[in-house]
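In: my questions concern the predicted model and sequence given below.
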Amino acid sequence: MPKTPNIVFIGGIESGKTSTIESLWSENVNDYRSDKGVLRLKVSEMLIGREVVDFDVIELPRVNFTSSEWIKKPDVKDLLEAADIIVYILPCDDSLINIRKQYLEKVFDSLHLKDNLVFIIGYGMADWILNPIASRNLEIAKSRQVGLTAVSNIMQKTNIVFNEFSSFTRYAPTFSIDSIIPYSNTLSWNIDLLKYQIWNGLVMAMNEYVFDPSLPTLVLSGKTGCGKTSTINALWNLNLATGRVVSCTKFPAVIHIEDEYNGKNISFNLVDLPGIAESMDANSVYKKFYYKFIAKASVLVCLSQADRRAYKQDQIFYSDLIKNRILLPSQNIILGINQADLLFKDVEHPDGIDLHTIDGDNNIISEKSNDYFNSISEVFAGFSKVTPESVSIYSVHQDWNLKSLKNKIYKLL
């Protein structure tokens with residue numbers, strides 16, 4: 001059974017740790033207990049595009065930045081070393097940033113932190129900068145809009161904090177300017193962004209727990225809405241969130257699959273990636289996911305959908321992977337085409353036709369398969385394993401040709 005990720009909150013006196021935890025999860029706490037100054041909560045929350053996730057939220061005793069005794073308090077050292085995510089709550093009006101940083105460096109240097117630790121700075125009490133006068137009055141503060149000048153000021157201070165803490169990449173490889181989230185509990189401002197950053201860390205932790213490097217890995221990639229997740233649900237009887245209007249997969253999902261093929265047991269890692277070309281910002285955020293998991297793919301399914309004839313974004317995406325040697329000729333590639341039923345919708349057949357009534361060499365199916373292969377094959381020049389036989393066209397909606405796709409995947413795995 002996969003381990004439960006741990007999120008550990010740290011901060012100084014009256015930094016707002018408890019109120020921040022309440023803002024984030026007051027409605028999702030299943031159980032809590034307090035012992036020796038340590039608050040422990042068990043939280044269940046639905047992550048966008050995934051499932052209900054269970055995780056532990058731990059608030060450590062307040063840090064005394066003038067004493068070395070904090071790390072010696074009961075359980076503090078063990079809980080920090082077991083943390084998947086450490087959230088440091090730093091008030092925006094704190095003028096001793098350098099002292100705080102130096103203290104935490106000494107603490108972290110004395111610990112055996114996890115290699116894949118995620119470190120987030122919650123830059124709290126932002127209302128004192130966004131709305132310094134009204135922030136003393138809760139009701140007035142909530143009625144005020146946050147202006148562009150105020151946001152500009154807070155972002156400048158965020159850059160200063162990052163410059164001070166930039167060396168923390170040696171503890172948390174993914175730490176960046178995006179890991180510092182200014183927010184205000186009073187104004188209910190940017191709480192969702194802080195939660196999203198924590199979710200990102202949660203998914204990374206869960207994927208690390210599930211991913212087995214000793215097993216082959218199947219990865220599905222493709223444009224938003226082409227049916228990656230619905231394909232996974234149909235092939236392996238899962239229930240990951242799907243949506244036809246918006247992208248439901250915001251984070252990669254790593255799943256351990258055990259099945260049978262040709263009378264033999266087969267086990268592998270299955271990775272469902274967020275869609276490409278969702279937006280410029282999303283592509284930038286998701287890039288680290290693409291690089292990490294596609295580099296590990298034993299089989300990559302490059303998925304498109306049958307009613308698309310424009311493949312420029314696909315070509316750019318896979319060209320970048322090949323240029324940066326993330327995707328190599330030694331890897332197995334399947335060119336998947338979902339929603340084949342859309343090819344047969346016309347005036348006479350507004351709902352399409354039953355695909356189970358067509359023969360194996362149907363002209364429309366053949367034309368579509370050739371169109372996709374001819375358009376994408378230039379990108380894979382030098383990839384001897386990418387041939388017309390690499391194309392697999394199917395329909396999740398009509399449960400048509402899915403068995404053929406699954407057999408092709410298992411043969412390559």
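Out: Arrived safely.
In: show the average pLDDT along stretch 72-86.
Out: Average pLDDT, stretch 72-86: 95.
In: cool, stretch 103-110 as well?
Out: On average, stretch 103-110 scores 97.
In: next: stretch 323-333.
Out: Stretch 323-333 comes out at a mean pLDDT of 96.
In: quick check: end-to-end length of it?
Out: Separation of the first and last residues of stretch 323-333 by CA to CA, to the nearest Å is 17 Å.
In: what's in contact with it?
Out: With contact meaning CB atoms under 8 Å, 6 or more residues apart in numbering, stretch 323-333 is reached by 290-291, 294-295, 297-302, 318, 321, 380, 382-386, 390, 412. Where you see a C-beta, it was placed from the backbone N, CA and C, and this is true even at glycine.
In: filter those down to the ones in strands?
Out: 299-302 (DSSP state E).
In: can you tell me which of those is nearest Y372?
Out: C302 (9.2 Å; CB to CB).
In: if we can go back for a sec, so which of the contacts of stretch 323-333 are in helices?
Out: Counting by DSSP state H, these place 290-291, 294, 318, 321, 412 in helices.
In: can you pull out the helices in this structure?
Out: Using DSSP H, helices in the chain cover 17-25, 76-82, 97-109, 127-130, 138-143, 148-165, 191-210, 228-236, 280-294, 312-323, 363-376, 402-412.
In: turn these into JSON lines, columns for distance to I337.
Out: As requested, the helices of the chain are exported to JSON lines (distance: least, CB to CB, whole Å):
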{"stretch": "helix 17-25", "distance to I337": "41"}
{"stretch": "helix 76-82", "distance to I337": "45"}
{"stretch": "helix 97-109", "distance to I337": "49"}
{"stretch": "helix 127-130", "distance to I337": "49"}
{"stretch": "helix 138-143", "distance to I337": "51"}
{"stretch": "helix 148-165", "distance to I337": "44"}
{"stretch": "helix 191-210", "distance to I337": "28"}
{"stretch": "helix 228-236", "distance to I337": "11"}
{"stretch": "helix 280-294", "distance to I337": "19"}
{"stretch": "helix 312-323", "distance to I337": "12"}
{"stretch": "helix 363-376", "distance to I337": "6"}
{"stretch": "helix 402-412", "distance to I337": "10"}
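In: so for S184, which of those helices sits nearest?
Out: Nearest of the helices of the chain (CB to CB): helix 127-130, 4.2 Å.
In: re the thing from before, could you dump the helices of the chain to a markdown table with distance to D341 and mean neighbour count?
Out: Converted to a markdown table, those look like this (distance: least, CB to CB, whole Å; neighbours: other CB atoms under 10 Å):
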| stretch | distance to D341 | mean neighbour count |
| --- | --- | --- |
| helix 17-25 | 42 | 19 |
| helix 76-82 | 49 | 17 |
| helix 97-109 | 55 | 15 |
| helix 127-130 | 51 | 22 |
| helix 138-143 | 50 | 13 |
| helix 148-165 | 47 | 15 |
| helix 191-210 | 32 | 20 |
| helix 228-236 | 13 | 21 |
| helix 280-294 | 28 | 16 |
| helix 312-323 | 21 | 16 |
| helix 363-376 | 11 | 16 |
| helix 402-412 | 12 | 16 |
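In: and of these, who's closest to V52?
Out: helix 191-210 (12.1 Å).
In: mind checking the pLDDT average for the closest one?
Out: 89.
In: could you check the angle helix 17-25 makes with it?
Out: If you take axes from the mean of the first three to the mean of the last three CA atoms, to 10 degrees, helix 191-210 sits at 80 degrees to helix 17-25.
In: nearest spatial neighbour of the most centrally placed residue in the chain, skipping sequence neighbours?
Out: For the chain, the residue sitting closest to the mean C-alpha position, by CA atoms, centre = their mean, is F251 at 2.6 Å. In space, and not counting its chain neighbours, F251 is closest to V203: 4.0 Å by CB to CB, 6 or more residues apart in numbering.
In: give the contact list for L238.
Out: So L238 contacts 232, 255 (CB under 8 Å, 6+ apart).
In: how about a cut-off of 6 Å?
Out: L238 makes contacts with I232, as judged by CB atoms under 6 Å, 6 or more residues apart in numbering.
In: distance of it from I257?
Out: L238 is 9 Å from I257, where distance means CB to CB, to the nearest Å.
In: do the same with V43
Out: Counting by CB to CB, the gap from V43 to I257 is 27 Å.
In: the two - which one has more neighbours?
Out: Neighbours per residue, other CB atoms under 10 Å: of V43 and I257, the larger number sits with V43, 20 against 16.
In: alright, that wraps it up for me.
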